[in-house]
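Engineer: output the structure for:
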Amino acid sequence: MSAQGYFNRFGGRYVAEVLRRPLEDLEEGFAHAMSDPSFLTRLEVLRRDFIGRPTPLLFAENASREIGGADIYIKMEGLAHTGAHKINNAIGQALLAKRMGKTRIIAETGAGQHGLATASACARLGLECVVYMGDVDVRRQQPNVAAMELYGARVIPVTSGSRTLKDAINEAMRDWAASFETTHYLIGSALGPAPFPDMVREFQSVIGRETLDQIAERKLDVEALVACVGGGSNAIGFFEPFRSLPAPRLIGAEAGGIGPAVGENAVRMTGTAASDGIIHGYKSRFLVTEDGQVAETRSISAGLDYPGIGPELASLGESGRIEFTSVTDDKALDAVRFFARTEGVIFALESAHAGAAALEIARNCSPHKAVIVNMSGRGDKDIFITSPVFRPEQWKSFLAAELSRLEAGVDIHLFGGN
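Structural biologist: Numbering: from 1, shown residues only. Reported below is the predicted structural model:
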């Protein structure tokens, strides 16, 4: 756990007075729940029967043979219910909120996976759900928006600022300040004011603990664990059991975007663009402009374009325990293609950043070593982003045909609907 909300010099609880009481209540409620056998038993049942845990560790035999070097293994979080790791934290926090007597859940989302997981968890537990999502992300992640609404959530597009994840967080914070008596803010990444970083790490640590058991079962000699890093929930959960160990190497892959200039990427831990700051209630490394405003970021993956990084990851990066690298949009797309072709697995664009980094590391490792990549989500959510790149003419024809059908008022029942 953190030391009073801090991970060395990062973390803390920098919030308006109105939010101090709900955060203190949440910290107390979380501590009590995690020492309550009945809560932990209920959580374990939901992990098994609702999420579908444990997720497999897949030996990427074809990929390993093609590139040479170390054997590549894939932690298949994309097989968890709702298609990504986000459900681990969502069901944990939603169950905690219900235990504390809350009836309404609010959440922020970027790529849509956290919003989708939260909506699903709320439907399962009978809680009202409101999801704030930047208008830019609403437009590029329509399949997830549609699924959230199908689960019964209300999705609110945020049109202020850059209309992406950071602005969705701002709106969710405003809502919570006005409604905390009945509402829990279910933060989706390992960031925000204490106790959220500790909570998210704890609920996501099931990934790393399973991986540790799977490593022991297969007697793997692991060179590195690799995860993508936006805010950092999948990474800190994957790395959790290994943080205090000298090995294996822990590699965090950030979004290199389209170039090294400010506004072309979302790189916080390498290079010189980021600096210490206090934003969204915690201290960490952030991309900011010369006048101290939050800088614009860019990534093909909606889940990696956040301008900051979780405080524990920042601390572990500064200490050298986590090595950070960046992966460009093009290399992430290449990794999507590669793993789809060699292993029949389509990585989410976020996870593909980790996939690309894992390929590079494996190429330069000795045979019989293992490199494990966390496929934090599957890529069907990205069809509206990847299809225009991979098959542009066919995609244009498909969209034109669909638009014509809708404008003509063709009844969907003619195509086999019920």
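
Engineer: quick one, grab the pLDDT at F415.
Structural biologist: On pLDDT, F415 comes in at 52.

Engineer: to clarify, my last question referred to S162.
Structural biologist: S162 carries a pLDDT score of 79 in this model.

Engineer: shouldn't it be within a helix?
Structural biologist: No: under DSSP: H, G, I helix; E, B strand; the rest coil, S162 sits outside any helix and is assigned coil.

Engineer: that one against Q293, yeah?
Structural biologist: No: at 10.8 Å, S162 does not count as touching Q293 under the criterion of Cβ atoms under 8 Å. Glycine gets a C-beta too; all of them are placed from N, C-alpha and C.

Engineer: so the two - more neighbours on which side?
Structural biologist: More neighbours surround S162 than the other of S162 and Q293, with 17 against 9 (other Cβ atoms under 10 Å).

Engineer: check contacts around the residue nearest to G52 when sequence neighbours are not counted.
Structural biologist: Leaving aside its sequence neighbours, G52 sits nearest to H81 (Cβ to Cβ, 6 or more residues apart in numbering; 5.5 Å). Each residue near H81 by Cβ atoms under 8 Å, 6 or more residues apart in numbering is listed here: 50-52, 87, 120.

Engineer: so how do I select the buried members of those residues in PyMOL?
Structural biologist: Burial among those is assessed by 16 or more other Cβ atoms under 10 Å; the matching PyMOL selection reads:
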select buried, resi 50+51+87+120
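
Engineer: if I look at M100, how far off is F39?
Structural biologist: Separation of M100 from F39 (Cβ to Cβ, to the nearest Å): 11 Å.

Engineer: these two touch, right, P56 and L79?
Structural biologist: Yes: counting by Cβ under 8 Å, L79 is a contact partner of P56 at 6.7 Å.

Engineer: neighbour count winner among these two?
Structural biologist: More neighbours surround L79 than the other of P56 and L79, with 18 against 13 (other Cβ under 10 Å).

Engineer: for the stretch 201-350 of the chain, what spans make up the strands?
Structural biologist: Assigned by DSSP state E, counting those that start in this stretch, the strands in the stretch 201-350 of the chain fall at 222-228, 249-257, 274-279, 282-287, 322-328.

Engineer: distance between the ends of stretch 293-300?
Structural biologist: By Cα to Cα, to the nearest Å, the extent of stretch 293-300 from end to end equals 23 Å.

Engineer: what's the answer for stretch 286-301, then?
Structural biologist: Taking Cα to Cα, stretch 286-301 runs 18 Å from one end to the other.

Engineer: next one: it to chain centre, how far?
Structural biologist: Put simply, stretch 286-301 sits 19 Å off its chain's centre (Cα atoms, centre = their mean, to the nearest Å).

Engineer: what comes up buried for that stretch?
Structural biologist: Buried residues in stretch 286-301 (16+ other Cβ under 10 Å): 286-288, 294-301.

Engineer: just give me how far stretch 88-106 sits from the chain centre.
Structural biologist: 18 Å.

Engineer: ok, F196 touching I187?
Structural biologist: Yes: F196 lies in contact with I187 (Cβ under 8 Å); the separation is 4.7 Å.

Engineer: which of these two has more residues huddled nearby?
Structural biologist: More neighbours surround F196 than the other of F196 and I187, with 30 against 27 (other Cβ under 10 Å).
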